[in-house]
Structure formats: structure tokens, C-alpha cells
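> Attaching a predicted model along with its sequence, questions to come.
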Amino acid sequence: MSSGDEAIEAAAQRAQQTAHRNIPQLDDLPIPGDTANLREGADLNDACLALLPLVGVWRGEGEVNYPTMDEPQRVAQQLTISHDGRPFFQHEARSWLLDADGNVIRPAARETGWWRPQPDDTIELLLAHSSGILELFYGTARGQSAWQFATDAVVRSQTAKDVTAAERLYGIMPDGSGNLGYVEERAMMGHPLTPHVSLVLERVVG
């Protein structure tokens, strides 16, 4: 079996578990609700076609580390990428720390925002963090299944950490699993851009 056939078969097997699921909706909303399942809800806006593989709810684990930390920390995350038919995606990520056995220690970072593809093929990514940081990223697609971003502006509240820049890369893993990989470098607390977070997320909705 060719690698292409294997990827198609793997996608079909995943869909048996995820295709019937979507994010909860209130059925009395008088405007289109968000959907994280391309089989349901509003049609995907043509402006978002280059981001199509991202739509869904993703969940997985990885590592968070930085020179200010005593040691790397195991972390898990749920990432929701949804749309309502307009030319942008809604982004919500919730993270939690794990111990060595995979037990939850406590909730961790939260962020919400918007992916806004532009006519010149650039992508604006606006994120607000629960830690008091606002970030504006600009990015581009790298092929059909990866997206790279760097901050153009970072705004901090008076109580937020001293963050000055960040870079992110999202990509569908090339191993045929269909999983979403995510890595981030961050400049903060007097350090230059340094690897901070790496995650592999599996689709659970869509």
C-alpha cells in the first residue's frame, strides 16, 4: 500500500471516532453558531481554504521549558479551531500541567483569539492570554499543511511577565497520523527567542 493510501485509510479510521462530534451549541442562537466540524454548520469561507486542515478540536501532550524554569514540565492542551462561515477562524487553547504519571497537577495557560487570512496570503493571528498579554502575529502558509508566525506587536498589562516576542509553527505531522504539531519560541524575562513549548495534538472533533 502506498503512503498516500495509508494516509487516506488512517484519516477514514480517525473519522469513525471524530466525524460525529462537534463543539456544544445553544440551539436558540439567532445567528450562525461556530462549528469545528466541516461536515456541519456554515460552509467554510473561501478565504479560509488554506487553513482548512486546522478546523477541529485537538488534544494532546508535550513539554514546556524555559531557562527560568528549574526543569522541563509535562503539559497537555486542548486547541479548538472553529468558524461561523465568515473569513476568519476562532481560536481557543486551554492547557494543564501533568506529573510524570500523567495525572493533572493544575490548569495552566489559556488563550483565545482569531486567525484572519488576508488577500495577499498573509495570515493575522491575534491572541489574548489569561496572563495579561496581547499578541499580534503575522504568518504565512508553508505548503498545504504548515503555518509559521512571528509577532509584530506584544502588549502587556502591568502584572504580566516581560514578554517581548514570540514565534510559532503549526503543522500537520508528515508521518500520516494526521496529528497537529505545534512549537513555540518566546523572548521573555531578559532572554532572546528560546524554545518554550512543543506539543503533538490528536484530532478529537471534526
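Perfect, thanks for sending it.

> Phi and psi next, for residue 53.
Phi and psi for residue 53, reported as degrees, to the nearest 10, are phi -60, psi -20.

> actually residue 16, not the one I typed
Taking degrees, to the nearest 10 as the convention, residue 16 sits at phi -60, psi -30.

> Quick one: residues contacting the closest residue to residue 174 other than its chain neighbours.
Spatial nearest neighbour of residue 174, chain neighbours left out: residue 145 (8.0 Å); criterion: C-beta to C-beta, 6 or more residues apart in numbering. From N, CA and C alone the C-beta is placed, and that goes for glycine too. Contacts for residue 145 (C-beta atoms under 8 Å, 6 or more residues apart in numbering) come out as 53, 171, 172, 174.

> try 6 Å
When contacts are counted by C-beta atoms under 6 Å, 6 or more residues apart in numbering, residue 145 touches 53, 171, 172.

> Show me the longest strand that occurs in this protein.
Longest strand in the chain by number of residues (criterion: DSSP state E): strand 104-117.

> send the alpha carbons of stretch 152-168 over as PDB?
The C-alpha coordinates for stretch 152-168 follow below in PDB (Å, rounded to 0.1, in the frame of the first residue of the first chain):
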ATOM      1  CA  ASP A 152       4.600  42.100  15.100                       C
ATOM      2  CA  ALA A 153       3.400  43.600  18.400                       C
ATOM      3  CA  VAL A 154       3.200  42.500  22.000                       C
ATOM      4  CA  VAL A 155       1.200  44.400  24.600                       C
ATOM      5  CA  ARG A 156       1.500  43.600  28.400                       C
ATOM      6  CA  SER A 157      -0.600  44.500  31.400                       C
ATOM      7  CA  GLN A 158       1.300  45.900  34.400                       C
ATOM      8  CA  THR A 159       1.100  42.500  36.100                       C
ATOM      9  CA  ALA A 160       2.200  40.300  33.100                       C
ATOM     10  CA  LYS A 161       5.600  38.800  32.500                       C
ATOM     11  CA  ASP A 162       8.100  40.700  30.500                       C
ATOM     12  CA  VAL A 163       7.400  39.100  27.100                       C
ATOM     13  CA  THR A 164       8.800  40.900  24.000                       C
ATOM     14  CA  ALA A 165       8.400  38.500  21.100                       C
ATOM     15  CA  ALA A 166       7.300  35.000  20.100                       C
ATOM     16  CA  GLU A 167       7.300  32.700  17.100                       C
ATOM     17  CA  ARG A 168       5.000  29.800  16.400                       C
END
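
> Buried ones in it, by neighbour count?
154, 156, 163, 165, 166, 167, 168 (16 or more other C-beta atoms under 10 Å).
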